[in-house]
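Trainee: Structure, please.
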Amino acid sequence: MECTRNRAPKTSQIPLIRTITFPRPSGEEIHVTAVFDAGKPLPSAWEEVAAVIRQKGATIISQEVFGLEDGNGAGLEMLREAFGQVKWPVTWLEDGTPSLAGTQIWAVSGVPVHPVFADGTVVGSVFEDDSARYCRLGGVYPRDARAARKDQAHDVFLRLEKTLQDQEMAFSDVVRTWFFNEDILSWYSDFNQVRTAFFSRRALFNRLVPASTGIGGRNPLGTALVAGLLAVQEKTRGHLRAFAVPSPLQCPALEYGSSFSRAVEIATPGSRRLLISGTASIDAEGHTVHVGDLDGQIDMTMRVVGAILSSRGMTWRNAARAVVYLLDLGDAPAFHRYCAAQNLESLPAVFSRTTVCRRNLLFEIEVDALQPLPLVEAEDDKAPLASDTKDTEG
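Mentor: Below is the predicted model of the structure:
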């Protein structure tokens, strides 16, 4: 597919499954968002999702499952029956209800994808193109579920780092992280202390602080948390830039002790990828606004995300995936009403019932947006990026 400057990713939809395809130099990038029909047998629902991947001739990079019980491995076995051997990382979050359970899958066609192992378990995928190498890790657990939660968090960071090192990458290559913390409100401050200390020792505050989602979440192993990340490493000199993008309507999260960037953009000669962190109803002073008002928090949060998109020349039409985090899944209709009023019904979103990192927050959303760009000729072994892509200090 030819790349043109303002073309959004192509969207197609079959019942309860939304597929976003994005052109790559060789093949396609595919994002699948599926919300399961409570009236449909789960095995047949998984088969329907697997059929989309097979039709695309794609290889899965990573997968998240929201709202289904794994049941001592029964859920993972169901995945194997539908997809065959699972050679990609799966992050499984059990909080939720079957009526709004769902999954998201990131896949590519046209390039080899190699599984990444840690202690004999698949925890990641690595692939590359002419510009960069990409490493997506997921389903990374602490090794001792009985340890103190701060110790479990520290162990997860060490496991993430060691796995990256095995791929000849470092934490300085990380552009995005995910942390799903059981009972997050009781130890979020402790988690932030661990994260901040880890980032400080690796001098990330002098480089790039990753975008992130830090949210509540119960996992099948009963550990204090489960984590994942995306790391990107330049392959051809001058072909990759990753930089923090500020939120026009919010202060940096670093100002109130949370070590993450509001968003991170990855720019290559052929594309721009905007990774927007978990975002909630927080104002420019770092305060929660619209306390107790779900509709107000949804409106504020979506305006914040919309402003980040607009600041980088994108719109909601560029969204490849979104995760909506709700304290109560009974509040999902309020989000649907908002989307209907704003003509956002096609947003590829999956729902998760979870606790946000503040007691007075009822809603959070994370978004990935993609924009293909016209390729340009190289000069002095450097392929300059499109003129509308510029560094933004956050």
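
Trainee: At which residues are the helices of the protein located?
Mentor: 42-56, 74-83, 149-166, 188-201, 294-311, 332-341 (DSSP state H).

Trainee: how about CSV for the ones you listed, with mean neighbour count and distance to Phe179 added?
Mentor: For glycine as for every other residue, the C-beta is placed from the backbone atoms N, C-alpha and C. Formatted as CSV, the helices of the chain follow (neighbours: other Cβ atoms under 10 Å; distance: least, Cβ to Cβ, whole Å):
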stretch, mean neighbour count, distance to Phe179
helix 42-56, 16, 25
helix 74-83, 16, 21
helix 149-166, 18, 8
helix 188-201, 17, 7
helix 294-311, 19, 19
helix 332-341, 14, 23
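
Trainee: could the ones you listed go into JSON lines alongside mean pLDDT and distance to Thr355?
Mentor: Output for these, formatted as JSON lines (pLDDT from 0 to 100; distance: least, Cβ to Cβ, whole Å):
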{"stretch": "helix 42-56", "mean pLDDT": "93", "distance to Thr355": "26"}
{"stretch": "helix 74-83", "mean pLDDT": "94", "distance to Thr355": "22"}
{"stretch": "helix 149-166", "mean pLDDT": "98", "distance to Thr355": "15"}
{"stretch": "helix 188-201", "mean pLDDT": "96", "distance to Thr355": "10"}
{"stretch": "helix 294-311", "mean pLDDT": "98", "distance to Thr355": "14"}
{"stretch": "helix 332-341", "mean pLDDT": "96", "distance to Thr355": "16"}
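
Trainee: residue boundaries of the strands in the stretch 201-350 of the chain?
Mentor: 211-216, 225-234, 241-245, 263-268, 271-279, 319-326, 349-353 (DSSP state E, counting those that start in this stretch).

Trainee: Across the sheet, point out what pairs with the spatially closest residue to Phe22 that is not a sequence neighbour.
Mentor: Closest residue to Phe22 apart from its sequence neighbours, by Cβ to Cβ, 6 or more residues apart in numbering: Glu29 at 4.1 Å. Note on Glu29: beta-bridge partners by DSSP bridges are Phe22, Val108.

Trainee: which residues does Glu29 contact?
Mentor: Neighbouring residues of Glu29 by Cβ atoms under 8 Å, 6 or more residues apart in numbering: 21-23, 106-108, 370.

Trainee: before we move on, what about Asp173?
Mentor: Neighbours of Asp173 in contact, by Cβ under 8 Å, 6+ apart: 135, 164, 231-233.

Trainee: Equivalent analysis for His31, please.
Mentor: 9, 19-20, 22, 104-107, 320-321, 348, 368.

Trainee: Return the closest of these with respect to Leu160.
Mentor: Trp106 (17.9 Å; Cβ to Cβ).

Trainee: how many neighbours does that closest one have?
Mentor: Using other Cβ atoms under 10 Å, Trp106 has 22 neighbouring residues.

Trainee: That one and Ile60: what is the separation?
Mentor: Going from Trp106 to Ile60 by Cβ to Cβ, to the nearest Å gives 7 Å.

Trainee: now Leu240
Mentor: Counting by Cβ to Cβ, the gap from Leu240 to Ile60 is 24 Å.

Trainee: Of these two, give the one with the bigger neighbour count.
Mentor: Set Leu240 next to Ile60 and count neighbours by other Cβ under 10 Å: Ile60 wins out with 21 against 18.

Trainee: Name the nearest of the contacts of Asp173 relative to Pro248.
Mentor: Nearest member of the contacts of Asp173 to Pro248, counting by Cβ to Cβ, is Val232, at 24.5 Å.

Trainee: which residues sit in contact with that closest one?
Mentor: 132-135, 173, 175, 240, 242, 266.

Trainee: at 10 Å what do you get?
Mentor: Val232 is in contact with 128, 131-136, 169, 173-176, 240, 242, 264, 266, 268, 273, counting by Cβ atoms under 10 Å, 6 or more residues apart in numbering.

Trainee: What count of nearby residues applies to Pro112?
Mentor: Neighbour number of Pro112 under other Cβ under 10 Å is 9.

Trainee: correct me, but it touches Arg133?
Mentor: No - checked against Cβ atoms under 10 Å, the pair Pro112 and Arg133 is beyond contact range at 11.8 Å.

Trainee: what do those two both touch?
Mentor: With Cβ under 10 Å, 6+ apart, Pro112 and Arg133 have common neighbours 126-127.

Trainee: Since that was my last question, I'll sign off now.
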